[in-house]
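[1] I would like the atomic coordinates for the input below:
(chains A and B)
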There are 2 protein chains.
Amino acid sequence: MSITTPRGFVASGLASGIKASGALDLALLATDDGVAVPTAATFTGNLAAAAPVQISRSHMASNGGRATAVVVSSGNANAATGERGRDDAQHMCDLVARGLDVPVEQVLVCSTGLIGIRLPMAPIEAGIPGLVAARAGSAEAAERAATGILTTDSGRKEVLIENSTFTVAGMAKGAGMLAPNMATMLAFLTTDAAVEPGPLADLLRIAVRDSFNSMTVDGCTSTNDTVILLASGRAGTADPNVVVDTVTEACSTLAGQMAADAEGASKIFQVQVTGARSDGEAHQAARKVAESLLVKCSINGEDPYWGRVASELGSAGVEFDMDRVDIAYGGVEVCRGGVGADHDAAAVATHMAGALIEIHCRLGLADGDAVVMGVELGYGYIDENRTTS
Amino acid sequence: MSITTPRGFVASGLASGIKASGALDLALLATDDGVAVPTAATFTGNLAAAAPVQISRSHMASNGGRATAVVVSSGNANAATGERGRDDAQHMCDLVARGLDVPVEQVLVCSTGLIGIRLPMAPIEAGIPGLVAARAGSAEAAERAATGILTTDSGRKEVLIENSTFTVAGMAKGAGMLAPNMATMLAFLTTDAAVEPGPLADLLRIAVRDSFNSMTVDGCTSTNDTVILLASGRAGTADPNVVVDTVTEACSTLAGQMAADAEGASKIFQVQVTGARSDGEAHQAARKVAESLLVKCSINGEDPYWGRVASELGSAGVEFDMDRVDIAYGGVEVCRGGVGADHDAAAVATHMAGALIEIHCRLGLADGDAVVMGVELGYGYIDENRTTS
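    I've put the predicted structure just below:
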C-alpha cells in the first residue's frame, strides 16, 4: 500500500503545527524527476468552493493537463476565507514550486478542516521547505503523506492495484460519515500507465461517478472535495479499458474504506434501483432513497418500512408507476406490484440486524440501473455534528 | 374556531374503530344543502400518491371544480395498497354520495396514517351512514370533525378569520414534525366568499405556496398531502385580493400550528434569503439550507456554524457569488463578503439558545427573496421515526 509504488512518484508528510495535537498536517505528492505528467482532477460542484479548489482549478486550466506536484494541508479547510484565502492557497503553491523549481501552475493544492477560519500561514511557510526536502519514494514517506491528509479519520485509507503492465495506487481521507472535519473527501491517485491528459480526464470522470459519487452520507456537498490522478507513463501504454476499470476499482476501494470508517457507529445500506427508464434516473431514484431522513432512521431502527422507500421513489422526479414497483430487503420481497407482499418476516428481521442492509427497488419500466450507498441516521451523527467544539 | 362558521357548511366526526384507541377516526365536511360549490384542491406531487389522492384527483377532473363533501379517515393512509386501495377509497366516496344523494364525483376523500396496509373497510362501511347523519353546523360537530382528522397531533389545529364581508375557516393535521403518522399534512378550508372554480384554484395555489410549501421538516414528500378549499358563495362576491390574502393568512396560521406542535421537543429555524436572482432562486436556496442535515444538527447544538450555511447556499443550484454573501444569526452578522466578520458572540449565543432561530442570508445579486421554516435535527426525530411500532 504505497502511493509511490507506481513508478515515477515521491511523497512526504510533516507536522507543521496547524493541528494543535501535533499530528501530521502537511503532505506532498510529486513526480520523482520534477517533470510534469498528465494529470486529471475533479473538484466539488459547490459554488462556495474553498480557496485551494479555486486555485487548483485555475492551475488545471492553464497547465495543459500536466502537473508536477500536489500539496495538501489538514486541520483547516481554507474555505469561506475570501481573497486572503486565495492568496494563502496560491502562496502554498508558490513555496512548493520554488522548492521543486517548477512553474507554479504545475502545483495543485488541497486543504481540509473547519470552514471560515483563515489558514495559519506561519507554520505552513516554515514547514513546506522541509516537506519538499523530505520527499522520497520509500514506503515510509508514502505512509507519512497518507497520514498527513487525515483529519478525524480513524486511520489511513490506501489502495494499491498491480497488474502485469501497470500499477494504480491511491490515498484518501473522509468522507462525512460522522465527524464534521471529515465532511470533505480528498483522494489522490497515481499510476505509471501512459495516458494522455484528455483521455485521463475522461477516465477519472467515469471512475468518480461509479465510486465516490455513488455514496452519500448526508446529501451535503463539501466546499473542498477533490480527486486528483497523476499518470507518470513509466509503464508505457496500456489498454484504455483496463486502465478505466483499474482506476474505478481503486476509487471504489477507497470509497469502501470511507464507509467502513464509520462502521463502528453506523449501519451502511445499499440502495439498488433496477428497471428505471435510464441509468441516470436509476441513480437519481437510488440517491433519493439513500438520502431520505425517514429511510435512514428506519435503517437505524432496523425497521423494514418499505412504504417510505416507495414514497421516496415516487418523489424522486423520475418516471414511476407504483403498480409496477417491487421492493426487497436482503433479497426478500416485501412489496410486489406496489402493494405489500407476504414474506418471511424473520428473514427480513435477521437481515435488518446486520451491518450492511440491502434494499432492491425494481421499477419495472426499462433497463436503467444504479447502486448508491447510504448511511443510517442515529444518535452518533447528531452527537458528532451538533457542535464543532 | 369552527370550520362551519362560514355560512353554508356542516361537519361531523365519529369513532368507527379504525384506531384501536377508540379515538375519532372519520370526519365529514359538506355543504348544508347538498348542493355542490366551487372547490379547489392541491395534492402531493409524489408519484406514489395514495389511493384517496388518486380518487380525489380524478373526481376533481370530472366535477367541473365543484364538490359537495369531503370524507376523511385517520389511522391508515390507504397508500401503497394498489387497485384494492383505489376501490376502497372509491367505496368511501360512494357511501357518502349515497347518504347525501349527490353524484359520486362531488365527493372527495382523504386518508392519513401508516403506508402499505389495506384500509379496514368493515368499520368504515358501518360508520359512514352515522357520520353523514350526524352532520351539523354546530361548533360541537365542527370540533368533532377537526378531531377526527388527527393522528399523533397533540391537539386540534383550527383557524377562523372573519372580516366585514366574508369568513374563512380551516382545520388541519400534521406535519411531519416528529412522529411518522404525522408525516402527512391535510388541511381543509371553507369560505362563504363567492369565487368561481378557476380563480379559486389560482388563489389556493398562491396560498399554499406562501404557507405550507414554505415549511420543511425533513424534505420528505408524503404520499397523502392534500389541501382542499370550498367556497359556498353565501356572502356574495368579495375583492379577490382580499380573499387571497385571507386564505393565505389562514393557511399560514395552520402551518404555524403544525410547527408549534413540535415545539416541546424541537427548535424551529427560519431561513430568510434576500438578494437572490429571483424569488424562485431565493426559495430554492432557503429550502436547501432548511433541509441540510448539518445545519439542522447545528441548530440542535446551538452552534452558529455559518460555514455550513454558506456551503449549502453554494450547492443549492442557484446563482451565487461567495464574495458577496452576508450571513446573520438573529440579526447579528457573522459573515460579511464571504468571510467571517467580527461580531458579538454572546448575543449570538443568546439567540441560538432560543426556540426560534433566525438565519438571514444576503446573496447580494438582485431582489429575489423568500423565507422557509425548518426544524432542528435532534434525538427526538430519531426516537420517533426509527420504528413504526
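[2] Report the contact partners of A:T191.
    A:6, A:166-169, A:229-232, A:235, A:243, A:246-247 (C-beta atoms under 8 Å, 6 or more residues apart in numbering or on different chains). The C-beta positions use only the backbone N, C-alpha and C, and glycine is treated the same way.
[3] which helix of chain A spans the most residues?
    Counting residues, the longest helix found in chain A (DSSP state H) is helix A:240-260.
[4] got any ranges where the stretch 201-350 of chain A has weak pLDDT?
    For the stretch 201-350 of chain A, the stretches flagged by pLDDT under 70 are A:219, A:262-265.
[5] Please enumerate the strands of it.
    Counting by DSSP state E, counting those that start in this stretch, one finds strands in the stretch 201-350 of chain A at the ranges A:226-231, A:268-276, A:326-329, A:332-336, A:339-340.
[6] What is the first one packed up against?
    Put plainly, it is strand A:226-231. strand A:37-43, helix A:51-62, strand A:107-114, strand A:186-191, helix A:197-209 (3 or more C-beta pairs under 8 Å, 6 or more residues apart in numbering or on different chains; DSSP states H and E).
[7] Skipping adjacent residues, who's closest to the closest residue to chain B within the stretch 101-250 of chain A in space?
    In the stretch 101-250 of chain A, no residue comes nearer to chain B than A:I115, which is 2.8 Å away by C-beta to the nearest C-beta. Leaving aside its sequence neighbours, A:I115 sits nearest to B:G307 (C-beta to C-beta, 6 or more residues apart in numbering or on different chains; 2.8 Å).
[8] and stretch A:222-237, how far apart are its ends?
    35 Å (C-alpha to C-alpha, to the nearest Å).
[9] Report the contact partners of the nearest residue to A:P199 once chain neighbours are set aside.
    Spatially, and ignoring its direct neighbours in sequence, A:P199 is nearest to A:P240 (6.4 Å; C-beta to C-beta, 6+ apart). Residues in contact with A:P240 (C-beta under 8 Å, 6+ apart) are A:195, A:199, A:203.
[10] again, only using 10 Å
    Contact partners of A:P240, counting by C-beta atoms under 10 Å, 6 or more residues apart in numbering or on different chains, are A:193, A:195, A:199-200, A:202-203.
[11] Against B:G301, how distant is it?
    49 Å (C-beta to C-beta, to the nearest Å).
[12] picking that back up, wait, which of the helices and strands packed on strand A:226-231 is closest to B:L100?
    Nearest of those to B:L100, taken as C-beta to C-beta: helix A:197-209 at 57.0 Å.
[13] The closest one - contacts with which helices or strands?
    Where contact means 3 or more C-beta pairs under 10 Å, 6 or more residues apart in numbering or on different chains; DSSP states H and E, helix A:197-209 is packed against strand A:37-43, strand A:66-67, strand A:186-191, strand A:226-231, helix A:240-260.
[14] switch to 8 Å and redo it
    Helix A:197-209 sits against strand A:37-43, strand A:226-231, helix A:240-260, with contacts defined as 3+ C-beta pairs under 8 Å, 6+ apart.
[15] For that helix, output the C-alpha coordinates as CSV.
    Extracted in CSV, the C-alpha atoms of helix A:197-209 (Å, rounded to 0.1, in the frame of the first residue of the first chain):
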residue,chain,number,x,y,z
PRO,A,197,-4.4,14.4,-20.4
GLY,A,198,-7.7,14.3,-22.4
PRO,A,199,-8.4,10.6,-22.0
LEU,A,200,-7.1,10.7,-18.4
ALA,A,201,-9.7,13.4,-17.6
ASP,A,202,-12.5,11.2,-19.2
LEU,A,203,-11.5,8.1,-17.3
LEU,A,204,-11.3,9.9,-14.0
ARG,A,205,-14.8,11.2,-14.6
ILE,A,206,-16.1,7.7,-15.1
ALA,A,207,-14.2,6.3,-12.1
VAL,A,208,-15.5,9.0,-9.7
ARG,A,209,-19.1,8.6,-11.0
